[in-house]
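Asks: Generate coordinates for the sequence data below:
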Amino acid sequence: MLDQELIALAASGGTALVQAAGTDAWTGLRQAVAGWFGRGDAQRERAELERLEQTADSVRDAGPDEVERVRDRQEGVWQTRIEALLENLDGAQREQAAKELASLLAQHAPQPGVSAGQGGLAANRVDVRAEG
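Replies: As a prediction, this is how the structure comes out:
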């Protein structure tokens, strides 16, 4: 069983992956996460790259009425995959893997900010006033 800190890290990883899909950050994050999952095994890394591409495709191909549901599902899938990998490591390996994941997320994941879905408009610092 993972502690709350590792569960939160796994959730952050899932969210970061889905948010990055289709953005400029995707290529670097995708490669880094595949390497993290592969743990030095080139075949596992290639399999993870394929899974990551399937995630990006499903988010990109989702219609406007289903994109949030698809994003939520994919975030959950990746959180679960991250948690499973961490659970299968012993204490020292788990601690090292968690540090590596936190570092690669800090380096490659999109930073929080304003974003918009397909056909949307994003704005930051909007001042709305109404009179009368």
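Asks: Where does pLDDT dip in this protein?
Replies: For the chain, applying pLDDT under 70 flags the ranges 111-132.
Asks: Setting the sequence-adjacent residues aside, check what's closest to the residue nearest the centre of it.
Replies: Centroid check for the chain by CA atoms, centre = their mean gives Leu17 as the closest residue, at 1.9 Å. Excluding its sequence neighbours, the residue lying closest to Leu17 (CB to CB, 6 or more residues apart in numbering) is Trp78, at 5.0 Å. For every residue, glycine as well, the C-beta is placed using N, CA and C.
Asks: tell me the contacts of Pro110?
Replies: 16, 19-20, 23, 25 (CB atoms under 8 Å, 6 or more residues apart in numbering).
Asks: which of these sit farthest apart?
Replies: Maximum pairwise distance in those, criterion CB to CB, is 10.7 Å, between Ala16 and Thr23.
Asks: Among those two, which residue is more densely surrounded?
Replies: The residue with more neighbours, out of Ala16 and Thr23, is Ala16; 24 against 13, by other CB atoms under 10 Å.
Asks: Give me the neighbour count for Val67.
Replies: 17.
Asks: That one is in contact with Ser58, isn't it?
Replies: No: using CB atoms under 8 Å, Val67 is not in contact with Ser58, being 9.8 Å away.
Asks: Send me the host helix or strand of the residue nearest to the centre of the chain as PDB with only the CA atoms.
Replies: In this structure, Leu17 sits in helix 4-20 according to DSSP states H and E. The C-alpha trace of helix 4-20 is given here as PDB (Å, rounded to 0.1, in the frame of the first residue of the first chain):
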ATOM      1  CA  GLN A   4      -0.600   9.500   0.600                       C
ATOM      2  CA  GLU A   5       2.400  11.300  -0.700                       C
ATOM      3  CA  LEU A   6       3.100   8.700  -3.400                       C
ATOM      4  CA  ILE A   7      -0.600   8.500  -4.300                       C
ATOM      5  CA  ALA A   8      -0.600  12.200  -4.800                       C
ATOM      6  CA  LEU A   9       2.600  11.900  -6.900                       C
ATOM      7  CA  ALA A  10       0.900   9.200  -9.100                       C
ATOM      8  CA  ALA A  11      -2.200  11.500  -9.500                       C
ATOM      9  CA  SER A  12       0.000  14.400 -10.500                       C
ATOM     10  CA  GLY A  13       1.700  12.100 -13.000                       C
ATOM     11  CA  GLY A  14      -1.500  11.000 -14.600                       C
ATOM     12  CA  THR A  15      -2.800  14.600 -14.800                       C
ATOM     13  CA  ALA A  16       0.400  15.900 -16.200                       C
ATOM     14  CA  LEU A  17       0.400  13.200 -19.000                       C
ATOM     15  CA  VAL A  18      -3.100  14.000 -20.100                       C
ATOM     16  CA  GLN A  19      -2.600  17.700 -19.900                       C
ATOM     17  CA  ALA A  20       0.600  17.500 -22.000                       C
END
